[in-house]
Structure formats: structure tokens, C-alpha cells
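Trainee: Sequence first, predicted coordinates after that:
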Amino acid sequence: MTRPIWEQLDPLTFNDGVFYVPDMLELQPRLALWGHPNQPDLRERLANDRPHGIGGEKLLCLLCMRHQTQRGLPRAPVWLTFVEGRHGPMFRHEDGRSPHPEHEPETDTHKALKERKARTWESVGGTVEVEVWRPRARRRPDVLAIGPVLTVAGEVQHSKETSRTIRARQRALRKAGDRVVWTTDRGADDIAFLHPVPHLSVPALDDHRMYLSKTRLEIGTGAITFETQQCGWTDLWTGTTRCPVTRKPRPCGRLHLYPTLNPHTYSRQKAATTAMYPCGPRPHLDHLLEGILHGTWLPYRHRDRVSWIPADAHATVTAERGGTIELAETGTVDRRDEIAHRACERRYGTGNAQAEAPEVESPPLCCGRTPPGLVGQPLVLACQLCSNSPTYYRRDDLDGARSSAHL
């Protein structure tokens, strides 16, 4: 007795596409003519070849079957059905699960931002490939740019996704290049899922064709510069005047680099570089993409957020505040910080407080953990979510009452 086709397929030898059983073809939904230019009638033939799904047994999800193999699960078929979606044809799981992004049609906005990235990198000397399969990553990055120094994988995230999925894709894409940069047109209050990865947000435009014009797309979140100030300056990342090196409230008297939104700091980047797309009053997408490809902007993670910062400030910032490029690119977060912060948000109902100002970090958490720099001291700083003033708790207050001690 002949074994079913799905038992004979090794999903690890394919490109995570859709397997069309009658023609023994792997379809790539994101490619022109599904990757088979010599068969222009393939889409119509497949659409008329009903039924699909479990009853028809004509379309297999190779991506799901690969996941099963990698997890050591018994081999089993995952059937798809072909439907006409809002933005075009797509392959949907017959069991009701959401389709994979790799199996969905691209929106006009996604296509436009992808083309903008590719065009910018080509114009600054990069060798660009779109939707190219990367065996080591087992992924197709939207854009892959090979520059004189670095290889950069570029992803466009137009739809909302879970943070876990984004981090997994970040780790995989990291294998396809030296850098990964995510671009989104979602607002600052709706991109928390991108905070753990190097990202850039641009304005959401009603007409997708504007992304293809020469209009400057200013960066909303994801990039920041620094200015030199004497210790005691209000730190945009912590919301306090504590020394960024010692974490103590008493100024050390030295000069430090502080994150800033001062437009003059961005203008100075223009004089410090010979970029084809110089930086103006605010950083814009083309300037950042060029800088990332040429290594003049590097990713840096402060707590649970990753931002692009100028390379000439990176060494000083890491020396003062810690961290490495590898830490910023891993796509991981400190689970203890994440759990404590979420618990505090649930308790005080301020889940969107951080999202509205993504470049501003909250003070050290009070959620059961000792903030840095306060070890051995009798007072513990309260979380900004728990109090509107810099209230402190005394360790010996067994009844949990708040102390009125302030800095």
C-alpha cells in the first residue's frame, strides 16, 4: 500500500511554503506567480481544484510540519484551504488557526515600505535582495542588504503581532545578517511588541504611495541621540537625577551622556557624517537605514527597550550604563522585570502609560525588587506607577505604611 504524500515529505528540505499535492509543487505565496513564472495559470487552476482542506487533502502547510519535526512530535499533516482575503488570495489553516505571515498577501503599505528600504540601501551602495530565502535563518527577510561592512536584514511589520513571535523571528533573522532592523507604521502607543528588538517607527500615512515619494519619514520612536551634561541632569530614560554610573542620588560631579530629544543634537549628526541622506532637525528613515548599513548607528538596549543610537556615543553609553550590541540583538527581555512591571500595571490600571512615551523609561520598580544603587540603604524607591511623588518605603515598616521621606 502506497504511503500518503505527507508521510513521504521532509519539511526541512523545503522553504516553509505551501505544498500543492496534485502538482507536487511548493508554492511561495509572497513571490510573483507563487515562485513558478512558467505556470501563469497556476492560481486559477488551484482555485478551481476543489475541495481543499481536510476533505480535499491538496494543500499542506510545510511551515507547521517543520515546527512539528523540530519539536520532536510525530509527523502529521496540516491541511490548508485557499481563500480570497481582504488584500488578495491567502492560505488559511483548516483548523481555524491564523495564517502565517509568510502565507498571506502583502498589503500596499507593507509593499511600499519594503520597496522604500530596498531603494534606500541600493542608493547608498548596498547589494539588495528582496524575499530571498536564507537557509541558516530558515526565513525570508523582507529585504536583505549587503554593504561594504555589514549585512542587514530588514523587516516591515505593518500588522500587530505577539512579542514572543517577534523575538523568535528576531533570533532567526539574526542568523541571516549582522544586523536586523524592523520598520513599522504603527503609532507609539501600539508597538510595545517591538520594544525588545531594534526597530524604527514612521508616521502612518493614508496613501501608501507617499512612502515611495521623496518625502522624509521622520522617526517617531526607536532612535535617539545624546547630549553631554554634568551629573545631576534629569535622565530621560530613568526619570530621575541619579548618576547614571553610580545610580546614587548624589551627583558625582563628572560629565555624562544623557538621552535627549533636543533637535540640535540631531542636527550635529549632519556635520559629523558624509551620509548621502544627512540627518536634519529630527532623524528620518533614510538617514537611519544608511547609517545602520554603514555602521554609524548601533542598537542599544536599556531595560526592556532597544533603540538605535549613534556609534560615536555607543562606547561611552555602554561604559556608563552597561550592555552590549549582542544583548540588544538577542530579542530577549529580563523576565523578572517584565513580570513585575506587568503586575504593577494590572494593580494600578496604567497599562498604556509607558506606551505613550516609548523613549522615556520609568524609575526603578518597587514591585518586590531592590532598585540598583539602593542596596543596604533604609529606603526603597517607589515605582512611578504606584505613586505620583518620589515616595519611599522603609524596610522596617512591617505594617506596610508609606513613609513621607523624600530626597
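Mentor: Looks like it came in fine. Residues are numbered from 1 along each chain as shown.

Trainee: Below-threshold pLDDT in the stretch 1-150 of the chain: ranges please.
Mentor: Along the stretch 1-150 of the chain, the parts satisfying pLDDT under 70 run over 1, 85-88.

Trainee: ok, 90 please
Mentor: Residues of the stretch 1-150 of the chain meeting the criterion pLDDT under 90: 1-17, 28-37, 40, 43-45, 47-57, 63-64, 66-76, 81-111, 130-142, 148-149.

Trainee: do the same with the stretch 151-300 of the chain
Mentor: 158-165, 168-169, 172-178, 186-191, 206, 208-209, 214-215, 238-239, 261-276, 278-283.

Trainee: Show me the helices in it, by range?
Mentor: 163-174, 263-271, 285-294 (DSSP state H, counting those that start in this stretch).

Trainee: Can you give me the buried ones in the first one?
Mentor: Within helix 163-174, the residues that qualify as buried are 163, 166-167, 169-174, counting by 16 or more other Cβ atoms under 10 Å. The C-beta positions use only the backbone N, C-alpha and C, and glycine is treated the same way.

Trainee: Kindly report the same for stretch 82-98.
Mentor: Within stretch 82-98, the residues that count as buried by 16+ other Cβ under 10 Å are 82, 89-94.

Trainee: Over to stretch 182-189?
Mentor: By neighbour count on 16+ other Cβ under 10 Å, the buried set for stretch 182-189 is 182-186.

Trainee: okay, how far is it across it, tip to tip?
Mentor: Taking Cα to Cα, to the nearest Å, stretch 182-189 runs 17 Å from one end to the other.

Trainee: need the contact list for Arg301.
Mentor: Contacts for Arg301 were tallied using Cβ atoms under 8 Å, 6 or more residues apart in numbering; they are 196, 307, 323, 327-328.

Trainee: in what helix or strand does it lie?
Mentor: strand 297-302 (DSSP states H and E).

Trainee: Direction included, what does that strand pair up with?
Mentor: Sheet pairing for strand 297-302, assigned by DSSP bridges, gives strand 305-310 (antiparallel).

Trainee: what's the strand it pairs with in contact with?
Mentor: Contacts of strand 305-310 (Cβ under 8 Å, 6+ apart): 181, 195-200, 221-226, 269, 272, 288, 291-292, 296-301, 317, 328, 358-359, 361.

Trainee: just the buried members of the residues you listed?
Mentor: Buried members of those, counted by 16+ other Cβ under 10 Å: 181, 195-200, 221-226, 269, 288, 291-292, 296-301, 317, 328, 358-359, 361.

Trainee: Let's verify Glu326: helix, strand, or coil?
Mentor: The three-state assignment at Glu326 reads helix, by DSSP: H, G, I helix; E, B strand; the rest coil.

Trainee: That one: neighbouring residues, count only.
Mentor: 10 (other Cβ atoms under 10 Å).

Trainee: Could you measure from it over to Asp178?
Mentor: Separation of Glu326 from Asp178 (Cβ to Cβ, to the nearest Å): 11 Å.

Trainee: Glu290 now?
Mentor: Computed as Cβ to Cβ, the Glu290 to Asp178 distance reads 15 Å.

Trainee: can you check Asp185 too?
Mentor: In terms of Cβ to Cβ, Asp185 sits 25 Å off from Asp178.

Trainee: which residues of the stretch 1-150 of the chain fall in helices?
Mentor: With DSSP H, counting those that start in this stretch, the ranges of helices along the stretch 1-150 of the chain come out as 5-8, 42-48, 53-56, 62-70, 108-123.

Trainee: Can you give me the buried ones in the longest one?
Mentor: Along helix 108-123, these residues count as buried under the neighbour rule (16+ other Cβ under 10 Å): 109-118, 120-121.

Trainee: Switch these over to JSON lines; also include distance to Pro263.
Mentor: Below are those laid out as JSON lines (distance: Cβ to Cβ, whole Å):
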{"residue": "Thr109", "distance to Pro263": "28"}
{"residue": "His110", "distance to Pro263": "30"}
{"residue": "Lys111", "distance to Pro263": "32"}
{"residue": "Ala112", "distance to Pro263": "27"}
{"residue": "Leu113", "distance to Pro263": "25"}
{"residue": "Lys114", "distance to Pro263": "29"}
{"residue": "Glu115", "distance to Pro263": "29"}
{"residue": "Arg116", "distance to Pro263": "24"}
{"residue": "Lys117", "distance to Pro263": "25"}
{"residue": "Ala118", "distance to Pro263": "29"}
{"residue": "Thr120", "distance to Pro263": "22"}
{"residue": "Trp121", "distance to Pro263": "26"}
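
Trainee: Ala153 is nearest to which of the helices of the stretch 151-300 of the chain?
Mentor: Nearest to Ala153, of all these, is helix 163-174, at 4.7 Å by Cβ to Cβ.
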